[in-house]
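> What follows is a predicted protein model with its sequence.
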Amino acid sequence: MIIDGLLQFDPALSAITVTRASTNTIDLLNARDIGGPGNPSMWLYVGVNAAFTAGGAATLVIQMQQSVDNSTWVTEGETRALSISDLTPINRVMIASWPMRLASDALPRYLRLNYVVATGPMTAGSVNAQLVLDPQAYGQYPAGINITN
């Protein structure tokens, strides 16, 4: 997976403890549709960098958002509510093609992620999140598992 620094949503690996937008907003420079089955298609890759912890049963939802003016945001896709047990280091929590806009929607120019913390706050945890052309999507099995042929 090749990572472009200009396509990273959270390059500084800032902690996500409460609901907040990604550290970076990606400016496409021109309004365009990067979603859908185009070739090449842009993929969102989100992996856990540092383990998430919380005093209780906090959850995290990651929303894919786009905007035409960098002030009004529309959520185009999101994860399910991820529990603390889902948010462990090196775990991929989201690999998704950026959603295609509806024909009636204006072309977006800006992209960001929104992290929604529920029943929080979290006390620690961070992700690495970026747009890529070739997401790292290999299957990973727990140690000691035997696969029969």
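That came through fine.
> OK, contacts around the spatially most central residue of the chain?
In the chain, the residue lying closest to the centroid (CA atoms, centre = their mean) is V46, at 4.4 Å. By CB atoms under 8 Å, 6 or more residues apart in numbering, the contact list for V46 reads 62, 92-95, 113, 127-129. Quick note: C-beta positions are derived from backbone N, CA and C, even for glycine.
> In the residues you listed, find the pair that's most separated.
Using CB to CB, the two most remote members of the contacts of V46 are R92 and L113, lying 14.7 Å apart.
> Please say which of those two ends up with more neighbours.
A side-by-side neighbour count of R92 and L113, using other CB atoms under 10 Å, places L113 first with 24 against 14.
> tell me the phi and psi of that one?
Taking degrees, to the nearest 10, you get phi -110, psi 150 for the backbone angles of L113.
> how close does the nearest residue to it once chain neighbours are set aside get to V46?
Distances taken as CB to CB, 6 or more residues apart in numbering place S22 nearest to L113, at 4.1 Å, with adjacent residues excluded. Computed as CB to CB, to the nearest Å, the S22 to V46 distance reads 10 Å.
> Also S83?
When distance is defined by CB to CB, S83 is 15 Å away from V46.
> next one: S85
Per CB to CB, S85 is found 17 Å from V46.
> again with L13
Going from L13 to V46 by CB to CB gives 12 Å.
> Identify the contacts common to these two.
Looking at what touches both L13 and V46 (by CB under 8 Å, 6+ apart), the common residues are 127-128.
> what touches both of S22 and V46?
Applying CB under 8 Å, 6+ apart, one finds that S22 and V46 are jointly contacted by 113, 129.
> any weak-confidence spans in this protein?
Low-confidence segments of the chain, defined by pLDDT under 70: 36-40, 137-141.
> Please tell me I have it right and S67 contacts Y110.
Yes - in this structure S67 lies within contact range of Y110 using CB atoms under 8 Å: 4.4 Å.
> Show me what the host helix or strand of Y115 is packed against.
For Y115, the element it lies in under DSSP states H and E is strand 110-118. If contacts are counted by 3 or more CB pairs under 8 Å, 6 or more residues apart in numbering; DSSP states H and E, strand 110-118 sits against strand 20-21, strand 26-27, strand 59-67, strand 122-132.
> Minimum distance to G144: which of these has it?
With CB to CB as the measure, strand 122-132 is the member of the helices and strands packed on strand 110-118 nearest G144 (26.7 Å).
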